[in-house]
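>>> Sequence below, structure please.
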Amino acid sequence: RLLIPFTSGEHIGFVNREGKVVVEPKYNMYYGECYNENDYIRVTTIMTYGFQRANDKVATYHRPLYGLIDCRGKVVLETNYFHIVPAIGNHNLFTVQDRNYGYSVITAEGKEIVPPGRYEWIDGFDRGFARVKSFVKYSNGIAENGNVWGVINKYGEEVIPCVYTNIWNFYGKSHNSICVVEDNILKQ
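Model prediction:
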């Protein structure tokens, strides 16, 4: 491995192959391994927040915030995201959910492929495609209330328009086709 995790107290850091500390212990969890130069590790820090209750007591909560580091321990994406979903088969593409619950698609270099707010929800990419859920349905060029599904490619282009009431999950399923539902009719 190019990066090897270690713990110090409650935090996780990383050393390189020579045993030199390249990331001081500051993360709470990590996901993934670096075996190649193009691998990334998802890391988390904890965001603590609270709400005052009716009895004047404060309820405190903890939520992980996700970020990315590269094989040398360099921060690629700061730990500012509620979710980071890596693309299957593309080490450089990620679906992220920001602190405003907006979904977008970005590269490891920070290039925005799909801006936040375009879709209500974006799944992870598998074989260069991802399911999306839209706020808006277009019928004869007129915008209507959405909650419709479509599919985008790795460039952010809709390859299946957002007109379906459901598209079955295909992320990580190794399917060669997808199932869609339109007007309660299953199509493949």
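
>>> how many other residues sit next to the residue nearest to residue 60 when sequence neighbours are not counted?
Nearest-residue entry for residue 60: residue 50, 4.3 Å, with adjacent residues in sequence omitted and distances by C-beta to C-beta, 6 or more residues apart in numbering. In short, each C-beta sits where N, CA and C put it, glycine included. Using other C-beta atoms under 10 Å, residue 50 has 10 neighbouring residues.

>>> tell me the contacts of residue 50?
Applying C-beta atoms under 8 Å, 6 or more residues apart in numbering, we find residue 50 in contact with 58-61.

>>> My read is that residue 147 contacts residue 133, right?
Yes: using C-beta atoms under 8 Å, residue 147 is in contact with residue 133, at 6.9 Å.

>>> Out of these two, name the residue with the larger neighbour count.
Comparing residue 147 with residue 133 by neighbour count (other C-beta under 10 Å), the higher total belongs to residue 133, at 19 against 14.

>>> The residue lying closest to that one once chain neighbours are set aside: how many residues sit nearby?
Nearest residue to residue 133, sequence neighbours excluded (C-beta to C-beta, 6+ apart): residue 121, at 4.1 Å. Residue 121 has 15 neighbours, counted by other C-beta under 10 Å.

>>> what do you get for the one 5 residues further on?
Here the number of neighbours of residue 126 (other C-beta under 10 Å) works out to 19.

>>> how near is it to residue 50?
As judged by C-beta to C-beta, to the nearest Å, residue 126 and residue 50 stand 38 Å apart.

>>> what's the helix or strand for the residue nearest to residue 60?
strand 40-52 (DSSP states H and E).

>>> Okay, buried residues for that strand please.
Neighbour-count burial for strand 40-52, counted by 16 or more other C-beta atoms under 10 Å, picks out 40-45.

>>> Could you give the backbone dihedrals for residue 60?
As for residue 60, its main-chain torsions (degrees, to the nearest 10) stand at phi -110, psi 140.
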